[in-house]
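Novice: sequence unknown, structure follows:
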Ligand SMILES: Nc1ncnc2c1ncn2[C@@H]1O[C@H](COP(=O)(O)OP(=O)(O)OP(=O)(O)O)[C@@H](O)[C@H]1O
Ligand SMILES: [Zn+2]
């Protein structure tokens, strides 16, 4: 079997052949750290984690994911909260690490930060100026997109068409540019903003250049896989290609992969639309592995609609998988199973063959998970039969093989089952939990996230708790 990957740049599935035999160099665009991550971010990073885990069954994977810790949005948040850009970045990097650990997302080999890559960024910009792809304008530096003949090759956009559709588009640096679609590589410092010294004056890097510089310094001039959300195809990845390929005269990446969105009411879940559910809020209500299953039930390029019913269904599904995964710890001792055995591929069973075939087809987890369910349900039936009759239908050897096959697959999908998790189902909520949920609802309403506010209210109602919003803005409960 050969792994086939849908490559955005060629718009078709292709056999995956790494540049260096046995090694995969993979770069994923990371978050801009100015707020908590939402379910859309969870999807992106769960998906790339799954891709990496599957690749690791065949290759050594070098996985790099950047952190954008300098950006207009971070500066704005720092000003609003009367603190520094660095303090905001540190706060949300810590929150990111915490959220992703709960979702069992493995750590990248490195997380380069934009602010720690300034010398490499300056060097790359200088190279682009020297080669006549970039120009200095009043302390800023811009990339001249018309100089790069294949600009638009990733997203399929043509400059002529973009121009026709872009009348009236202006930003505060527009006059500095020679051409409207030129983009900033370096931005001159405004008063009270953090800055770095450069040959073009004090300033800071634009967003796109950081990834070009980091890919090169951490993985090389051409890498195997470059990944991110669909919204990054244009302009972010298009601009990365223009920068890196103009400087190094080599393809930036051989395979471009993009994950579909989590939508809510047909729109992308995003901070700017205020329709988001933060990961940490969701985790007050749902098991992290149910969120993981919710994400992986869809093939990674397809959109997913967020609804509470869908997450509830994933919660039920996860319970089935978890019980299957815990079969060995519950019953294995009676047959002398060594649970400490690593989840091996063991012998190729029909289930594993089906699972792998689906994964080789552009990581079709939607189909792959059906094999996980098949085994989990089989083990559940045996569990029932054990508790009713003390006997199983299959032999202990056959059950062990099924359990190992299930472990092999769930390991690739990044599921973990802990015995203790079953106990996390309190019948009632404690007063502290209620107060904390009320506080979360107040915060949600403050940011006009009424949907989230209503959800918390409904959740409490389900638990028999009614909220009373008082005129003075406080909320009591009964
Ligand atoms: N709703 C979503 N569904 C899937 N992926 C998403 C979604 N929102 C953001 N992403 C992805 O998460 C990654 C990190 O994005 P980034 O930090 O730039 O978020 P953002 O675009 O600022 O978030 P927002 O869209 O909420 O403002 C990107 O690869 C982006 O494509
Ligand atoms: Zn990037």
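Specialist: Great, that's in hand. Since the structure is predicted, the reported quantities are computational estimates derived from the model, not experimental observations. Ligands and ions are numbered 1, 2, ... in the order given.

Novice: three-state assignment of the nearest residue to residue 98 once chain neighbours are set aside?
Specialist: In space, and not counting its chain neighbours, residue 98 is closest to residue 280: 7.9 Å by Cβ to Cβ, 6 or more residues apart in numbering. Just so you know, the C-beta spots here come from the backbone N, C-alpha and C atoms, and that holds for glycine as well. Put simply, residue 280 is helix when judged by DSSP: H, G, I helix; E, B strand; the rest coil.

Novice: ok, now residue 35?
Specialist: Residue 35 - assigned by three-state DSSP - is coil.

Novice: give the contact list for it.
Specialist: By Cβ atoms under 8 Å, 6 or more residues apart in numbering, the contact list for residue 35 reads 77, 92, 271.

Novice: Just the local confidence number for it, please.
Specialist: The pLDDT attached to residue 35 in the predicted structure is 95.

Novice: who's in contact with the closest residue to ligand 2 within the stretch 151-300 of the chain?
Specialist: For the stretch 151-300 of the chain, the residue closest to ligand 2 is residue 211, as judged by Cβ to the ion, at 3.2 Å. Residue 211 makes contact with 27, 29, 66, 236, 240, according to Cβ under 8 Å, 6+ apart.

Novice: returning to that earlier point: filter the contacts of residue 35 to keep only those in contact with ligand 1.
Specialist: Restricting the contacts of residue 35 to those touching ligand 1 (Cβ under 6 Å from any ligand atom) yields residue 271.

Novice: Return the closest of the contacts of residue 35 with respect to ligand 1.
Specialist: Using Cβ to the nearest ligand atom, residue 271 comes nearest to ligand 1 of the contacts of residue 35, at 3.6 Å.

Novice: secondary structure class for residue 210?
Specialist: Applying three-state DSSP: residue 210 is helix.

Novice: and if you look at residue 380?
Specialist: helix.

Novice: pretty sure it is touching residue 324, no?
Specialist: Yes - in this structure residue 380 lies within contact range of residue 324 using Cβ atoms under 8 Å: 6.4 Å.

Novice: Comparing those two, which residue is more hemmed in?
Specialist: Shown here are residue 380 and residue 324; by other Cβ atoms under 10 Å, residue 324 has more neighbours (26 against 17).

Novice: Can you pull out the low-pLDDT segments for the protein?
Specialist: 164-172, 339-348, 420-428, 471, 478 (pLDDT under 70).

Novice: Per the annotation, how does it divide into domains?
Specialist: With domains defined by automatic domain parsing, the chain comprises 4-268, 286-420, 431-477.

Novice: in the sheet, who's paired with the residue of the chain found nearest ligand 1?
Specialist: Taking Cβ to the nearest ligand atom, ligand 1 has its nearest neighbour within the chain at residue 229, 1.7 Å off. Each beta-bridge partner of residue 229 is listed here, defined by DSSP bridges: residue 259.

Novice: residues touching it, list them.
Specialist: Residue 229 makes contact with 29, 40, 44, 258, 259, 261 under the criterion Cβ under 8 Å, 6+ apart.

Novice: The nearest residue to residue 412 once chain neighbours are set aside - how many residues pack around it?
Specialist: Once flanking residues are discounted, residue 412 sits nearest to residue 53: 5.0 Å by Cβ to Cβ, 6+ apart. Using other Cβ under 10 Å, residue 53 has 17 other residues around it.

Novice: Does residue 53 touch residue 411 like I think?
Specialist: Yes - contact criterion Cβ under 8 Å: residue 53 and residue 411 qualify, at 7.4 Å.

Novice: got the residues of this protein near ligand 2?
Specialist: 29, 211 (Cβ under 5 Å from the ion).

Novice: and the chain, which residues reach ligand 1?
Specialist: Going by Cβ under 6 Å from any ligand atom, the residues of the chain near ligand 1 are 29, 31-32, 40-41, 43-44, 228-229, 231-232, 259, 261-262, 268-272.

Novice: Drop anything exposed from those.
Specialist: 29, 31-32, 40-41, 43-44, 228-229, 232, 259, 261-262, 268-271 (16 or more other Cβ atoms under 10 Å).

Novice: Which ones among the residues you listed lie within helices?
Specialist: Those of those mapping onto helices are 40, 41, 43, 44, per DSSP state H.

Novice: of these, closest to ligand 2?
Specialist: residue 44 (12.0 Å).

Novice: Do a quick rundown of the strands in the stretch 151-300 of the chain.
Specialist: All strands of the stretch 151-300 of the chain, identified by DSSP state E, counting those that start in this stretch, fall at 183-188, 203-205, 223-229, 253-259, 262-264, 267-268.
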